[in-house]
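K.L.:
Pasting the sequence and the predicted coordinates here, then a few questions.
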Amino acid sequence: MKAWKRLLALGALGALLTGPALAQYPERPVTLVIPYGAGGATDISARALAGPLGKLMPKPLLTVNRTGAGGATGSVSVANADPDGYTMLAARVGSHTVNPAMKATLPYTLDDFVFVGVYEINPVVCAVAESSDIQSMDDLIAKAKAEPGSVSFSSSGVGSLLHLAGAMVLNSFGVENPLETATHIPLKGGGEAATAVLAGTATFICTNSSALASFVANEQLRPLLVTTPEPLEGFDAPTASSLGHEELEQLVGWTGIAGPKGLPDEVSATWRDWLSEATADETFVDQMTKRGSVIRLMDPQESQDFINGQYETFRKLVDDLDMRIEG
Amino acid sequence: MPRLHRNIWLGAGVMLFALALVFAAIPFGISTPKSVRSLVLSPILWPTIIGWCLFLGGALLVAQQLIGRTRPEESGEAGGPRPDAWLRLGALALLMAGYYIAIPLFGMVWASALAFLLLALLIRTRYRVTSLIVAFGLPLVTYAFFYHVAGVPIPQGEFVRLP
Amino acid sequence: MSLMDSLALGFQLVFHWQSLAALFGGIVVGVFAGAIPGVSATMAVALTLPFTFSLQPIYGILLLLGVYKGGIFGGSIPAILIKTPGTPASSATVLDGYPLAEQGKAGKALGMALYASCTADLISNLALILFAGWLASFALSFGPPEFFTLILFSLTIIAGVSGASLLKGLISACLGLLLATIGLDLVYGTERFVFGEPDLMGGLNFIAVLIGLFALPEIISFVWNPSDGHDKVRSLGQHHATFEEYKRSFKSIVRGSLIGVFLGSIPGIGAAPSAFLSYSEARRNSPRKDNFGKGEIEGVAASEAGNNGVAGATLIPLLALGVPGDVITAIIIGAFMIHGLQPGPMMFIANVDIIYALFLGLLVSSVLLFFVGSVAIRLFRFIADIPRSVLFPGVLVLCVFGVYAVNNSIFDIVVMFVMGWLGYFMLRVRMPAAPFLIAFILGPLLEDNFRQAMLMSGGSFDILFRGPITWFFWSVSVLSLVALVRNEMRERRSRLAQEAA
């Protein structure tokens, strides 16, 4: 089947060279798989991008959610799709750096994908409930060290960015064995994780700023730390580097577009053009900035390096803390 | 041979299933990480409880039937065993399997039309013309709705692609 | 600013033709989308979201709320007519709605579903407006231990939907609990019953299980015995829901609405459990208990009141705390944020006009729902007149499209087919399917909350008895178990007495 398609593509290329551009990519609608549920950060980001992107593309762009297993179900469906550019993925930090670093049984690896561009960065913020007596990172660390087991952090599940972020921040601030000293409480989804801190089920949470923005604005949660190099608007908290922990700047969320391994170079190039135009769209930038994201398009090589760098950092942390999930 | 009541077979079947679950499926299908600290947090605790509940339920069902203290239930399917009915069920199972295989091959629309016609044939519909129209009309309309209105990429086959 | 000022500001925002049109359009879209099997209210809201980006915030949010409310009611239409709940929330409606349709009283069932939906919607909206602040702070006192006890209590409703044999109901529930464990483990992330199949890692799709369990067994039974449907055409008949019936069911409707308000204001439960709880409470309190499950109009009223009662109340945690209670409200929060609004206590100060406009719009929506629903019932009535030998192949095709569309997965179609055969087997051995479904929904919540509570306490069971809320649910659970056993004993005694006579 694939050989047949390749033949067709070759023929199409021939037609392209000789005659009018009849069969240029895309010939039919392109599907963009969102591996997380509706209303989540990935979903909102990808759908917001689909607005200007759809206007640029000669054929419609269909955004579909394929949820399950922390992004693995949707990601594996794209990894196994034909690399013809008609099935693309909105890849996210959870599905493409944290999960591969933590899960031994994941049915895909980073090598199964070709990134055409990372376009959005979400800073990570750590916060506690406003009613808590913890005022700063020092208070939190002191409490964790003084009474092991008294501090807990919530996450949207095992192998999520929140899970890794909680452990990484504690570790970086000198808590040895953070997963023994503090309790990780996994919940179902990022919304529930933030609510758990609000309700006092967990002590603190480290997650994307967009998930916490409204709680902080409403003075329900108190931010303790942001991982951006510069202070973050709307979050009255010190940066990681100002506290002497530059290594935490690696801890950011991101969204990017990826295709299956073997994606033709023409497709990749077409997407790069589309992305650079779509991410310059004013409404899109405005919408995403309002949610606390930074819009910056990386070219394919830069994206790949950025993702590999983050993966290596996470992988080392997972090995050091023995967080790897084998079963 | 005295015919045993259906519930006895059912109860025994449930008990067997529960045993297979507890002693084969759980140890084989669930991995317990080394880092599990206490039994109450172990991933196998909950399925094991369910397994034993099933076993108990099956045992009670058998016991209830043997003691004869059941509530009267409504009578089962009318009439005795009918070979043609079993044949039709077998055909339906095949139809469903074929439907599933046909979706990636012909696309969901044409596979559905085919499945509709075969099912209508199987239940010997008297409305032949209506069936024929609906068999093609319904998948096409549904496709148009899902694909063009809802933006769901309904699988297309290798042969006749729809716009 | 006084209440009157805020109300006046809200009035100015809502009583524009644009906002009424947005609300109306939303309800129409919702009712029709909800009526298509596989297009759940959630999906309808998600599909509408991009259209709201370009609208003014208040119009966009009213549009989404209209879709939400319409979708929850619309789901009851296929549940009654073809035994396929259009949206998970209407699974309880199947229990009595479909038998009524079988008796040629689909018009009655649909009418009652609409009346109950609108009444519950109104009650729920009033609760939101009057008690938002109070209920929201109450909802925040629910941590994993409180959830655990609440769900434990909710599981006692299995007895109410078990039909003739409680034991078979319990076995059915155990099977549901078991199937819900497939997927990744919550605490360790390890695989349970996945057997290396990536499609199983995310667990079984709820809609696929639901449709497979309810709709397909009907088709399989018809194939087993196709003779009965050839000439007997079901029809809507002259049966309409009468005011007398509405009055008789009124208590159940109010009770169901209040259950919906209570469960809706607590994040994380959802509409389906509320409908089942309302149904089983109505059955327990009804003098016509034995008729439940065989086409009792009060059963339809109670289920629909239960699920629509949730719709207004889920906005309580959303507006008062900024906390989404379920997937739908998570999407709606996304819409707020894209417009630069941040739901939560501050919104009551910063954007009070929008809050009051929303309140007023919601009240209007209950009325609009009534009119749109009446028209929709009339349009969908023809489905009841389709001969079964054409209807059933059509249902099969619709189910396949619908189940695929939920998660764009062909694997889900297999899940649906397999569940269909399991459901048919259960039908043949007279094992009720409703307990299976309730257990499938509640089981993971029960286990997850238990384990989260154990993580919090470091393995000590004391945490399950913290505070008055846990004690309250422990005691009502025990009470309802006692009532159940006593009931069973009484029935047995009367049966023995009958046999002796």
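P.N.:
In hand now; what should we look at? Worth saying up front: this structure is predicted, and the values here are computed from it rather than measured.

K.L.:
what helices or strands is whichever strand or helix holds residue C:119 leaning on?
P.N.:
Per DSSP states H and E: residue C:119 is located in helix C:106-139. If you count contacts as 3 or more CB pairs under 8 Å, 6 or more residues apart in numbering or on different chains; DSSP states H and E, helix C:106-139 packs onto helix C:57-74, helix C:76-82, helix C:91-102, helix C:243-265, helix C:297-313, helix C:315-321, helix C:352-380. All C-beta spots, glycine's among them, are computed from the backbone N, C-alpha and C.

K.L.:
so after the last one, what's the next helix or strand?
P.N.:
Heading C-terminal from helix C:352-380, the first helix or strand you meet, by DSSP H and E, is helix C:388-407.

K.L.:
Look at residue A:309 and say how many residues are nearby.
P.N.:
The number of residues packed near residue A:309 is 12, by other CB atoms under 10 Å in any protein chain shown.

K.L.:
what distance separates the strand or helix carrying it from the centre of its chain?
P.N.:
Here residue A:309 sits within helix A:300-321, counting by DSSP H and E. Centroid separation between helix A:300-321 and its chain, computed with CA atoms, centre = their mean, to the nearest Å, is 13 Å.

K.L.:
repeat for stretch A:88-97
P.N.:
6 Å.

K.L.:
now stretch C:195-210
P.N.:
21 Å.

K.L.:
Equivalent analysis for stretch C:205-214, please.
P.N.:
On CA atoms, centre = their mean, the centre of stretch C:205-214 falls 14 Å from the chain's centre.

K.L.:
now it: mean pLDDT?
P.N.:
The average pLDDT for stretch C:205-214 rounds to 84.

K.L.:
do it and chain B meet at all?
P.N.:
No - judged by CB under 8 Å from any CB of the partner chain, stretch C:205-214 and chain B are separated, with a smallest distance of 10.8 Å.

K.L.:
Now do that stretch: everything it contacts.
P.N.:
Residues outside stretch C:205-214 that contact it (CB atoms under 8 Å, 6 or more residues apart in numbering or on different chains) are C:37-38, C:40, C:83-85, C:88, C:91, C:94, C:179, C:399, C:402-403, C:406-407, C:409, C:412-413, C:415-420, C:422-423, C:433, C:436-437, C:440-441.

K.L.:
Not counting sequence-adjacent ones, nearest residue to residue C:182?
P.N.:
residue C:193 (4.6 Å; CB to CB, 6 or more residues apart in numbering or on different chains).

K.L.:
and that neighbour, what are its phi and psi?
P.N.:
The phi/psi pair for residue C:193 (degrees, to the nearest 10) reads phi 50, psi 30.

K.L.:
Also the one 3 residues further on?
P.N.:
Dihedral pair for residue C:196: phi 70, psi 10, per degrees, to the nearest 10.

K.L.:
now it: how far from chain A?
P.N.:
The gap separating residue C:196 from chain A is 8 Å, by CB to the nearest CB, to the nearest Å.

K.L.:
Need the per-residue pLDDT for that residue.
P.N.:
Per the predicted model, pLDDT is 81 at residue C:196.

K.L.:
what do you get for residue C:219?
P.N.:
89.

K.L.:
how about the residues of the stretch 151-300 of chain A that lie near chain C?
P.N.:
Residues of the stretch 151-300 of chain A lying near chain C (CB under 8 Å from any CB): A:152, A:157-159, A:183-189, A:191-192, A:194-196, A:198-201, A:210, A:213-215, A:217-220, A:283, A:287, A:290-291.

K.L.:
what are the ranges of the strands in the stretch 101-250 of chain A?
P.N.:
A:113-122, A:124-129, A:152-155, A:183-186, A:204-208, A:221-226 (DSSP state E, counting those that start in this stretch).

K.L.:
now for the ones you listed, which one comes closest to residue B:44?
P.N.:
strand A:183-186 (17.6 Å; CB to CB).

K.L.:
does chain B sit close to that closest one?
P.N.:
No - counting by CB under 8 Å from any CB, no contacts exist between strand A:183-186 and chain B, the nearest distance being 10.8 Å.

K.L.:
Give me the contact list for that strand.
P.N.:
Contacts of strand A:183-186 (CB under 8 Å, 6+ apart): A:149, A:151-158, A:160, A:163, A:166-167, A:196, A:201-202, C:186-187, C:452, C:455-456, C:458.

K.L.:
buried residues in that strand?
P.N.:
Judged by neighbour count using 16 or more other CB atoms under 10 Å in any protein chain shown, the buried positions of strand A:183-186 are A:183, A:184, A:185, A:186.

K.L.:
Great, nothing more from me.
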